[in-house]
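**Student:** Any chance you can model this:
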Amino acid sequence: MPRSNRPRRPGMPRGGKEVAAPELDLERARSGFARHESAPDGEWLVRPITARNAAKVYTCPGCHQAVQPGLAHLVIWRQDSLFGAEAAIRDRRHWHTNCWQTRRYKYR
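**Tutor:** Next comes the predicted model:
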């Protein structure tokens, strides 16, 4: 049987050489999921950002100070936005973890 007609193994490219899969970054994979939090001011989605993945400077809405690159923090957006999921994601904000945790107590 000619080589071009032989069945290939799954994942094998046409040239016959196996391509190495990129190494999985477990830290990034574990931190990429948002969790749900309920508070007196609404329903929120909270996604942790590891220090390794924090690459830009943001302004924390809790303390109005900079969230520096290399600092683990949280990305927060409304789950119950009046304007839909796309608007909520556009309006997401980066918070210091402590600012977010103490923010919830202001509304009790």
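
**Student:** Pairing partners for the strand ranked longest in the chain, with directions?
**Tutor:** Longest strand in the chain by number of residues, with DSSP state E as the criterion: strand 42-49. When pairing is defined by DSSP bridges, strand 42-49 lines up against strand 35-39 (antiparallel), strand 73-78 (antiparallel).

**Student:** Which positions in it come out as buried?
**Tutor:** 44-49 (16 or more other CB atoms under 10 Å). No exception for glycine: its C-beta is placed from N, CA and C like everyone else's.

**Student:** ok, now stretch 75-82?
**Tutor:** Going by neighbour count (16+ other CB under 10 Å), the buried part of stretch 75-82 is 75-78, 81.

**Student:** which outside residues touch it?
**Tutor:** Contact with stretch 75-82 is made by 34, 36, 42-49, 87-89, 91-95, 100, as judged by CB atoms under 8 Å, 6 or more residues apart in numbering.

**Student:** In CSV, list the C-alpha atoms belonging to stretch 50-62.
**Tutor:** Extracted as CSV, the C-alpha positions of stretch 50-62 are listed here (Å, rounded to 0.1, in the frame of the first residue of the first chain):
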residue,chain,number,x,y,z
THR,A,50,-1.7,34.8,39.9
ALA,A,51,1.4,36.9,40.4
ARG,A,52,3.0,35.1,37.4
ASN,A,53,0.1,36.1,35.1
ALA,A,54,-0.3,39.7,36.3
ALA,A,55,1.4,41.6,33.6
LYS,A,56,-0.2,45.1,33.5
VAL,A,57,-0.8,48.0,35.8
TYR,A,58,-4.5,48.5,36.8
THR,A,59,-6.2,50.9,39.3
CYS,A,60,-8.0,49.1,42.1
PRO,A,61,-11.5,50.6,42.5
GLY,A,62,-11.4,49.8,46.3
